[in-house]
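Trainee: sequence unknown, structure follows:
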């Protein structure tokens with residue numbers, strides 16, 4: 001009987017050892033027989049290797065005292081991985097039975113390079129977080145998450161090719177990394193998986209949403225108050241994403257829209273609300289893209 005392909009599961013821990021251990025427990029109980037598990041301990045304050053190994057004996061732990069961000073951390077994992085498939089998952093996810101095998105089975109055509117499972121909320125397992133993405137709008141540099149916060153009644157149960165996978169869970173063929181390169185590290189936080197998916201598609205691969213594969217994510221359904229860090233990186237990286245991936249025509253449209261609509265809108269909004277720290281973060285993000293000043297986070 002042919003041995004099943006090796007799958008390298010890569011996750012990043014950022015000072016959440018308890019959360020990561022819960023993921024390791026769910027992987028330990030999983031039914032796929034040929035797994036390599038890699039935890040990148042990003043911005044580590046102490047070596048948690050022994051803690052992680054008490055939950056998954058053969059886990060590979062990469063300790064990085066520097067916080068290298070989402071892409072940088074995952075790239076450390078890629079460098080250490082030996083699997084035929086690389087399964088990038090957030091540390092606050094858990095694996096239902098059959099997840100890994102279903103993802104592998106979804107690479108049923110040679111041009112499929114990435115499989116993105118359906119994501120449901122862990123605390124509301126009948127509710128969808130992700131069932132695909134729409135394309136990024138060339139004016140706003142924003143896109144929509146298909147199915148987000150909808151009750152799962154089978155309305156998104158057809159597999160389909162998508163422009164982007166979700167960073168919380170995506171399985172990637174090793175050959176994709178060899179041809180498209182690693183994750184772009186310019187972003188640090190937000191938009192990096194969208195950029196990577198653009199590079200993957202440019203390399204000739206397709207991204208498949210697979211609803212038969214389901215993963216549970218512990219992210220809250222409620223958005224909560226935006227932090228200044230989120231304001232900064234989402235604004236900075238929205239602009240950066242367009243600079244790196246948009247055609248000349250789309251970049252011109254985006255620049256005009258941002259200058260005459262987005263910029264005045266948020267200056268007025270933050271000023272009327274007295275949210276001066278958010279306004280400062282917003283303006284710093286713009287200045288960073290103009291090559292002025294340094295990031296404050």
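Mentor: Nice, thanks for sending it over. Since this is a predicted model, take the numbers as computed values, not measurements.

Trainee: can you count the residues close to the closest residue in space to residue 205 that isn't next to it in sequence?
Mentor: Nearest residue to residue 205, sequence neighbours excluded (C-beta to C-beta, 6 or more residues apart in numbering): residue 113, at 2.8 Å. (Each C-beta comes from the backbone N, C-alpha and C, glycine too.) Neighbour count for residue 113, taken as other C-beta atoms under 10 Å: 24.

Trainee: can I take it that residue 113 is in a strand?
Mentor: Yes: secondary structure of residue 113 (DSSP: H, G, I helix; E, B strand; the rest coil): part of a strand.

Trainee: pretty sure it contacts residue 200?
Mentor: Yes: checked against C-beta atoms under 8 Å, the pair residue 113 and residue 200 is within contact range at 5.5 Å.

Trainee: hey, what's in contact with both of those two?
Mentor: 172, 176, 180, 207 (C-beta atoms under 8 Å, 6 or more residues apart in numbering).

Trainee: contact partners for the third one?
Mentor: Each residue near residue 180 by C-beta under 8 Å, 6+ apart is listed here: 113, 196, 199, 200, 202, 203, 205.

Trainee: mind listing which of the residues you listed are in strands?
Mentor: residue 113 (DSSP state E).

Trainee: hey, where'd the strands end up in the stretch 1-150 of the chain?
Mentor: Assigned by DSSP state E, counting those that start in this stretch, the strands in the stretch 1-150 of the chain fall at 7-13, 35-42, 60-64, 85-89, 93-94, 112-121, 128-130.

Trainee: out of the ones you listed, nearest to residue 284?
Mentor: With distances scored as C-beta to C-beta, the stretch of these nearest to residue 284 is strand 35-42 (23.2 Å).

Trainee: which helices and strands does the closest one pack with?
Mentor: strand 7-13, helix 17-28, strand 60-64, helix 69-80 (3 or more C-beta pairs under 8 Å, 6 or more residues apart in numbering; DSSP states H and E).

Trainee: run through who's touching it.
Mentor: With C-beta under 8 Å, 6+ apart, strand 35-42 has contacts from 6-14, 20, 24, 27, 47-49, 52, 56, 58-64, 67-69, 72-74, 76-77, 80-83, 91, 100.

Trainee: closest to residue 226 among the contacts of residue 180?
Mentor: Using C-beta to C-beta as the measure, the one of the contacts of residue 180 that approaches residue 226 most closely is residue 196, at 24.3 Å.

Trainee: give the contact list for that closest one.
Mentor: So residue 196 contacts 71, 180, 183, 184 (C-beta under 8 Å, 6+ apart).

Trainee: now do residue 131, the pLDDT please.
Mentor: pLDDT, residue 131: 98.

Trainee: what of residue 45?
Mentor: For residue 45, the model assigns a pLDDT of 85.

Trainee: what about the closest residue to it other than its chain neighbours, how many neighbours?
Mentor: Nearest non-adjacent residue to residue 45, counting by C-beta to C-beta, 6+ apart: residue 15, 6.5 Å away. A count of neighbours around residue 15, defined by other C-beta under 10 Å, yields 14.

Trainee: pretty sure residue 15 sits against residue 67.
Mentor: No: contact between residue 15 and residue 67 fails when scored by C-beta under 8 Å: they sit 9.3 Å apart.

Trainee: thinking residue 285 is in contact with residue 232, fair?
Mentor: Yes: if you go by C-beta under 8 Å, residue 285 and residue 232 touch, sitting 5.0 Å apart.

Trainee: from residue 256, how far out is the residue nearest to residue 45?
Mentor: 41 Å (C-beta to C-beta, to the nearest Å).

Trainee: ok, back up a step: what do residue 15 and residue 67 both touch?
Mentor: residue 43.

Trainee: just to revisit the earlier point, among the strands of the stretch 1-150 of the chain, which is nearest residue 160?
Mentor: So among these, strand 112-121 is nearest, using C-beta to C-beta, at 10.1 Å.

Trainee: other SSEs contacting the closest one?
Mentor: If you count contacts as 3+ C-beta pairs under 8 Å, 6+ apart, strand 112-121 packs onto helix 99-105, strand 128-130, strand 169-173, helix 174-180, helix 192-202, strand 206-217.
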